[in-house]
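Novice: attaching a predicted model along with its sequence, questions to come.
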Amino acid sequence: MANMILGWVNEADRAKLAGGRWTAALPQTALADDRLSKAARTLGNRPADTAILADLGEAKPIGLAALFGAVAAPAAGCPGPTSRYRLRASDDARLAGPWLDLDFTGYGPEDPRIAFTRTSLATRFDRNGVIQGYGLTEPLTINLDGFDPPGTLEIVLQQKDRAFCVGEAVRLADPEDAARYLDGTLTAFERRSGQARLAIESTAGTGSPTIAWRLESLAPRYGRRQDHQPASGTPRGFLIEGARTNLLARSARFADAAWTRQNATITAEAAMAPDGTIAADALVESAATGIHQITQPVSVAEGATVTLSLFVKPAGRTRLALLLSSGGDFAQGTFDLTAGTATTAQGGTGTALSARLVPLANGWARCVLTGSIAGEASYLTACRLLNPGGTYEGDGSSGLLVWGAQAEEGPDASSYIPTADAPATRAADSARLTLDTGLSEGTLLAAYRSRRAGSVAIAGLNDGTAANAIELRHGSGGARLGYIVAGGVEQAALSTGSPAALAASVAGIAFAAGVAAASADGGAAVAGTPGALPAITGLDLGSRPDGERLDGHLARVQLYGRRLSDTELSAASAALALQLGPVAYDSGWLDVWPGGGRRDGYAAVMMATPPDVAARYWRFDLDDGASTDGFLDLARLWLGPAVSLSVNYEYGASLGLEAEARIARAQDGTARFGDSARRRVATYPIEHQSAQEAYRVHLELQRAAGPSGEVLAVADPEDTEFRAERVFIARLRSLRPVTHRAFQLFATELELEERLS
């Protein structure tokens, strides 16, 4: 047990606060408001979103630092059981870290500064391994008899955890007819029950009034493209892709006439598909001897490289082949779902470039074949059952569950594009953040993964054109570059290696007038001497003005307002570790809830007791990445000097709860209670104090704080188990006199009442 610490001066009230990302309605400035009912809400729950930098204007001694949550556990916005925090101090302004720190692996609200456009055909994997449409596809059976727009529709979502937002534009679409839909606005939404209200403003198309409609969001929110590793649910980041066309019609309707079945039958809607709907078909072999397959021809550019993919799940058979063929020319991928292997074969003028098997959730896998056939402009796509080869006597019952067929021109499989009667095109993603000011120097870093090795756009500062840019990209030959061009003239092309497709990597470029350096994955910096730096107006994410795209995942992007040194750049590119300059104090990462258990009914208390460190800049970082809330609600930042009592408080100290309850009784004696908020009250007998402490601590505390000022008393700084219960911002409930008990010994009593507003 350590002696009590007292603080009553909060320098955070006069500090300039910066860092992190905060909602406009609940801004960061609330942390310096002594009204504890005023909350600040982060736009995420990772350090990139939650950083709090306090500039005190000059170096000041801080002995007690604390950050209080605004809501009690287990409410949303309260740090989770595994959350952590860290406090650092420095006299160096570099403690502020990057100007911009975007972490796309968290679950916070979208950054309003990012302008994002996306087609409603786009899909991604959610954290449960389920494919979701960008428009949050939701099947709904609605009877529209007598409905005459404009009007209001009440609906109940079948999957109630959908992240719709009140006020966003929505569409009720017919999945079978793209020209048939109702457009409007979501005016009410209750996430737990799934109840929603739509204000329908217009309709298109005609047909029967009762169908399985699909509810789509038309709001351009990039959070809808946060992708996950489908088998584990691990966040992969912001999925950014170029335009692609699925050349196959009826991509999930294999009983349709668009598909030819050979010695095989289709049972429609036989099981749950990877998108969570009962839409997977069963491909069942006949009892005949021969090839058992489904096929569909596609038209392509002559000799084009085409990627064919299909979602499959064993249903009696565990081996299959995907083929691209024309006559006797073919490219083939063979897949063993049990072993998780993929091999290639080819014949004639066909070339099988690659085959991949991607494990998914719930026993599904996506099989992918990339190949070409020289001189041909029409390929026959096929999914063939194997046992173990392609020609065998079937049993009439075994086969595969199949869903989501896709054939696209390109060297890799993009996210699934659903089609109806004809091929469908998913437009390219576009994400740009406008900058308020130019940069005479800076550093751009990005953590990313691309499906391709060459012609990859990672992130770039530019003026909206390719003629003036500072970029991270891959050249057409696969070299990763820190690239600078001004006025259309190349100034630097700094190569940091050639990463393989699908490899996770971190790349960075640091620049200033006449000097630049690039580094990747912790490697040594590669130096350059650009003759000029271009004027820039914004930051493109995963794209270039010339049309190149990342075709992969952007996990995190950092932009510093200074040129990192070569040593700092190499360190930052190792794992995007913050480069904060020399640090005078570092608490290290501390658990918000020591022991891993939240205290239900109490707000979090994140506290540190620096050993009388004097510094101008103080930085709190929070990491609540395991939480799915996607935000943190915080109430109060405390940074101030502290006094540790030389002799601790006496036995007889008390802690309790108090409420001002109004009791009214009916004539029959029934009591009715009007409870107010319960506040904590603590009393500490203080004995054996020196004259210095009596007059310069206890009397000064009463003079400075009075009955209304804030007081922060930490009864036992070493007690982490009961910190949430024992540490709170209080006021002096009474001003108790300092008593001269004996020669050079003084006493008083500290009576505290919790401040709630």
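Specialist: Received, thanks.
Novice: in the stretch 451-600 of the chain, which spans are helices?
Specialist: For the stretch 451-600 of the chain, the helices defined by DSSP state H, counting those that start in this stretch cover 566-575.
Novice: do the same with the chain
Specialist: 47-50, 566-575, 691-693, 699-705, 723-726 (DSSP state H).
Novice: which of the ones you listed sits most buried?
Specialist: With neighbours defined as mean count of other CB atoms under 10 Å, the helices of the chain peak in mean count at helix 47-50, which reaches a mean of 27. Using the backbone N, CA and C atoms, a C-beta is placed for each residue, glycine as well.
Novice: send me it as PDB with only the CA atoms.
Specialist: Extracted in PDB, the C-alpha atoms of helix 47-50 (Å, rounded to 0.1, in the frame of the first residue of the first chain):
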ATOM      1  CA  PRO A  47      -4.200   4.200 -31.100                       C
ATOM      2  CA  ALA A  48      -4.500   5.900 -34.400                       C
ATOM      3  CA  ASP A  49      -8.000   7.100 -33.400                       C
ATOM      4  CA  THR A  50      -7.600   7.700 -29.700                       C
END
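Novice: what does stretch 321-332 rub up against?
Specialist: With contacts defined as CB atoms under 8 Å, 6 or more residues apart in numbering, stretch 321-332 is touched by 306, 308-310, 333-335, 344-353, 355, 367-369, 371-374, 376, 378-384, 386, 390.
Novice: one step back: any idea which of the helices of the chain gets closest to Ile484?
Specialist: helix 566-575 (14.9 Å; CB to CB).
Novice: show me where the stretch 301-450 of the chain has its strands.
Specialist: 306-315, 319-326, 329-336, 341-347, 350-359, 365-373, 378-386, 391-393, 399-409, 424-426, 430-434, 441-450 (DSSP state E, counting those that start in this stretch).
Novice: for this protein, longest strand please?
Specialist: strand 177-190 (DSSP state E).
Novice: so what strands line up beside that one?
Specialist: Paired neighbours of strand 177-190 in the sheet (DSSP bridges): strand 169-174 (antiparallel), strand 195-204 (antiparallel).
Novice: find the centremost residue of this protein, please.
Specialist: The residue lying closest to the centre of the chain (CA atoms, centre = their mean) is Gly106, at 2.5 Å.
Novice: in this structure that one contacts Pro47, no?
Specialist: No: if you go by CB atoms under 8 Å, Gly106 and Pro47 don't touch, sitting 9.6 Å apart.
Novice: for stretch 494-505, buried residues please.
Specialist: The neighbour-count check on stretch 494-505 (16 or more other CB atoms under 10 Å) flags 494-496, 499, 501, 505 as buried.
Novice: adding distance to Gly184 and pLDDT, write those out as a markdown table.
Specialist: Below are the buried residues of stretch 494-505 laid out as a markdown table (distance: CB to CB, whole Å; pLDDT from 0 to 100):
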| residue | distance to Gly184 | pLDDT |
| --- | --- | --- |
| Leu494 | 51 | 98 |
| Ser495 | 52 | 97 |
| Thr496 | 50 | 97 |
| Pro499 | 46 | 94 |
| Ala501 | 42 | 93 |
| Ser505 | 43 | 97 |
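Novice: let me see the domain layout of the protein.
Specialist: 5-90+583-642, 136-217, 245-413, 431-575, 654-754 (automatic domain parsing).
Novice: count the neighbours of the spatially closest residue to Gly625 that is not a sequence neighbour for me.
Specialist: Closest residue in space to Gly625, ignoring its immediate chain neighbours: Arg46 at 5.3 Å, by CB to CB, 6 or more residues apart in numbering. A count of neighbours around Arg46, defined by other CB atoms under 10 Å, yields 25.
Novice: and for Gly706?
Specialist: 13.
Novice: from Gly514, how far out is Leu144?
Specialist: Per CB to CB, to the nearest Å, Leu144 is found 67 Å from Gly514.
Novice: please say which of these two ends up with more neighbours.
Specialist: Leu144 (19 against 12).
Novice: what residues sit buried inside stretch 365-382?
Specialist: Under 16+ other CB under 10 Å, the buried positions of stretch 365-382 are 365-373, 376, 379-382.
Novice: ok, which pair from the buried residues of stretch 494-505 is furthest apart?
Specialist: Checking the buried residues of stretch 494-505 with CB to CB, the most distant pair is Leu494 and Ala501, at 21.4 Å.
Novice: what is the residue lying closest to Gly399 once chain neighbours are set aside paired to in the beta sheet?
Specialist: Nearest residue to Gly399, sequence neighbours excluded (CB to CB, 6+ apart): Val284, at 4.1 Å. Beta-bridge partners for Val284, by DSSP bridges, are Thr265, Gly399.
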